[in-house]
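Q: Below are the sequence and a predicted model for it; my questions follow.
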Amino acid sequence: MDRQNRYRPFDSRATLGRCACGQHASQSEHERQAHASSATDAAMMSRDFVEAAAVRTLFPGDAARRSFMRAVGKGAAMTAIYSVLPIASLQEAFAEDKQGNLEKRDLNIGFLPITCATPLIAAEPLGFYKEQGLNVTLQKVGGWALVRDRMLNRELDASHMLAPMPLAISMGIGSQPTPTRVATIQNVNGQAIVLALKHKDNRDPRNWKGFRFAIPFDYSMHNFLLRYYLAEHGIDPDRDVQLRVTPPAEMIANLRAGNIDGFLGPDPFNQRAVFDEVGFIHILSKDIWAGHPCCSFSVFDGFIQRNPNTFAALFRANLKAAAYAHEASNRPALARMISAPAYLNQPELVVRQVLTGTFADGLGQVQRVPDRVDFEPLPWYSMATWMMTQMKRWGYLKRDVDYRSLAEKVFLLTNARRAMQQIGEPVPDAALNGGYRPISVMGRTFDASRPDDYVSSFPIKRT
């Protein structure tokens, strides 16, 4: 522990509150520059990162850390801190020399070209997969049913999935039952209801009877949020409108052709509709449920059982990418990165408007909504429970289910919490105390301890 740590956690002049060297806007930007410009041994980099993260955990306020270092000196500080923190154990657990124990290095990971997949995508150009000893091939997939089928056929080792899909697959709804796990939530918010320009003067949902809407998949937050929004305005989503499952990439063409009146879809296609002057943003999904999940990084349980070290390496790469994407200062660079042909294949301007939250709405206004999309990886159990209530409400789930047991089996909150602690990322108190974060959808509070009562409380439902 007497070697110079590149992040200088025991240096009273270093500014861990911004980045390790104090010369970048964030620690994530510091690491990105380090990966781009340095061929330093990965094992040493990992040890430095864990040591710095552990010190930051002990001193969340940077001023207190620097004051302590000045008061006792570097040597005494290191001795004292190593005596109370299991830094050596954490370094061993996360050491890159563990790469020799990876059960599988060459991995095929699926994604749809939408901003929801940002952490999973960004981990490649940022070098986070290689840092973990993984040789990842990102495979662009055209639709969610194809993602499910390619996973079931073992053509993909892991994939970007809609957050409700692992619940449905685990229960055997729409496919053969296969235990599936949500490792991380890829994104929160980041969706919108888009309407064709001809409806600019028809903004009241109560007047939308007969409308045709596109959604990307039955087992999607898009479907559940659109149904919820329509029903709250007295529109029965199964009887008063048509909902058509449509791959996200085809939504713009269908809107332009007049085949649909609107869609609740993923970005960047909401913003692309504005860019192409065929639609406008009626409402952001965050204004239906602020902080709602959308997509996930998911694997089959069998993969985890056969490849625990490989899964842990994938976990770390995704968590680091999520932390990078969460930093607002990284969003412009991120837009450049993921808009490339190999990833989203979209105009950088469109992706930047989504990620920064400064965007044209198609109604002649420029909106500034910094949390239009965010990247918070914890898979809360209450999120899973709410999704299952909507499956029950709309007739997808036709049997009784132990909501709590399934939520806590499919959503790996405990694993995510532990991994975030190990790499020094802050974990909300609610995640340490049960994992059922409060939820409010359009002003209605969801009590995850009484899911069936919640379903019964809605006047418009199929059950």
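A: Nice, I can see it.
Q: wait, isn't Arg462 in contact with Asp238?
A: Yes. Proximity of Arg462 to Asp238 meets the contact threshold set by CB atoms under 8 Å, at 7.0 Å. From N, CA and C alone the C-beta is placed, and that goes for glycine too.
Q: Against Thr246, how distant is the nearest residue to Leu195 once chain neighbours are set aside?
A: In space, Leu195 comes closest to Gly262 once its chain neighbours are excluded; the distance is 4.0 Å by CB to CB, 6 or more residues apart in numbering. Computed as CB to CB, to the nearest Å, the Gly262 to Thr246 distance reads 11 Å.
Q: So for those two, which residues contact both of them?
A: Between them, Gly262 and Thr246 have Ala214 as joint contacts when contacts are counted by CB atoms under 8 Å, 6 or more residues apart in numbering.
Q: ok, the two, which is more surrounded?
A: Legend: neighbour count by other CB atoms under 10 Å for Gly262 and Thr246, higher for Gly262 (24 against 21).
Q: Lys198 is in contact with the more buried one, correct?
A: No. Using CB under 8 Å, Gly262 is not in contact with Lys198, being 10.4 Å away.
Q: which residues of the stretch 1-150 of the chain fall in helices?
A: Taking DSSP state H, counting those that start in this stretch as the test, the helices found in the stretch 1-150 of the chain are 27-37, 42-58, 62-72, 74-84, 87-94, 118-122, 128-131, 144-152.
Q: other SSEs contacting the third one?
A: Packed against helix 62-72 by the contact rule (3 or more CB pairs under 8 Å, 6 or more residues apart in numbering; DSSP states H and E) you find helix 42-58, helix 74-84.
Q: Out of those helices, which gets the lowest mean score?
A: Among the helices and strands packed on helix 62-72, helix 42-58 has the lowest mean pLDDT, at a mean of 65.
Q: Helix or strand for the closest residue to Ala231 other than its chain neighbours, just tell me which one.
A: Distance criterion CB to CB, 6+ apart; nearest residue to Ala231, sequence neighbours excluded, is Ile460 at 4.2 Å. Following DSSP states H and E, one finds Ile460 outside all helices and strands.
Q: Measure how buried Asn433 is and give me the count.
A: Using other CB under 10 Å: Asn433 sits among 8 other residues.
Q: Which pLDDT value goes with it?
A: 79.
Q: Please tell me how far Phe128 sits from Phe263.
A: Noted for Phe128: a distance of 32 Å to Phe263, by CB to CB.
Q: the more surrounded of these two?
A: Residue environment comparison for Phe128 versus Phe263 gives the larger neighbour count to Phe263, 32 against 25, counting by other CB under 10 Å.
Q: pretty sure the more buried one is touching Phe211, no?
A: No. With contacts defined as CB under 8 Å, Phe263 does not count as touching Phe211, sitting 10.5 Å away.
Q: re the thing from before, what is the burial count for the residue nearest to Ala231?
A: Ile460: 19 surrounding residues under other CB under 10 Å.
Q: Does it touch Arg239 like I think?
A: No. The pair Ile460 and Arg239 fails to qualify as a contact (CB under 8 Å) at a distance of 9.2 Å.
Q: if I pick the residue nearest the centre of the chain, what's in contact with it?
A: The centroid of the chain falls nearest to Gln186 when counting by CA atoms, centre = their mean (1.5 Å). Going by CB under 8 Å, 6+ apart, Gln186 touches 116-120, 160, 294-297, 322, 375, 377.
Q: and which of the residues you listed is nearest Gln139?
A: Taking CB to CB as the measure, Gln139 lies nearest His160 of the contacts of Gln186, at 10.1 Å.
Q: Burial check on the closest residue to Phe311 other than its chain neighbours, number of neighbours?
A: Spatial nearest neighbour of Phe311, chain neighbours left out: Ile304 (4.8 Å); criterion: CB to CB, 6+ apart. Taking other CB under 10 Å as the criterion, the count of residues near Ile304 is 20.
Q: so Ile304, which of the three states?
A: On the three-state scheme (DSSP: H, G, I helix; E, B strand; the rest coil), Ile304 is labelled helix.
Q: which helices and strands does the strand or helix carrying Lys409 pack with?
A: When elements are assigned from DSSP H and E, Lys409 belongs to helix 403-410. Applying 3+ CB pairs under 8 Å, 6+ apart, we find helix 403-410 packed against helix 165-171, strand 180-185, helix 381-393.
Q: Reformat these as CSV; add distance to Ala312 and mean neighbour count.
A: Formatted as CSV, these follow (distance: least, CB to CB, whole Å; neighbours: other CB atoms under 10 Å):
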stretch, distance to Ala312, mean neighbour count
helix 165-171, 19, 25
strand 180-185, 10, 26
helix 381-393, 21, 24
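Q: Could you say which one of the ones you listed comes nearest to Arg368?
A: Nearest of the helices and strands packed on helix 403-410 to Arg368, taken as CB to CB: strand 180-185 at 24.5 Å.
Q: so where's the stretch 51-200 of the chain shaky on pLDDT?
A: 53, 56-57, 60-61, 84-100 (pLDDT under 70).
Q: ok, residues contacting the helix holding Lys409?
A: Applying CB under 8 Å, 6+ apart, the external contacts of helix 403-410 come out as 166-167, 170-171, 179-182, 381-382, 384-385, 388-389, 435, 448, 451.
Q: Check stretch 337-354 too.
A: Judged by CB under 8 Å, 6+ apart, the contacts made with stretch 337-354 from elsewhere in the structure are 113-115, 118, 121-122, 125-126, 138, 140, 190, 267-268, 270-272, 275, 331-332, 335-336, 359-360, 372-373.
Q: Report the buried members of those.
A: Neighbour counting with 16 or more other CB atoms under 10 Å marks 113-115, 118, 121-122, 125-126, 138, 190, 267-268, 270-272, 275, 331, 335, 359-360, 372-373 as buried within the contacts of stretch 337-354.
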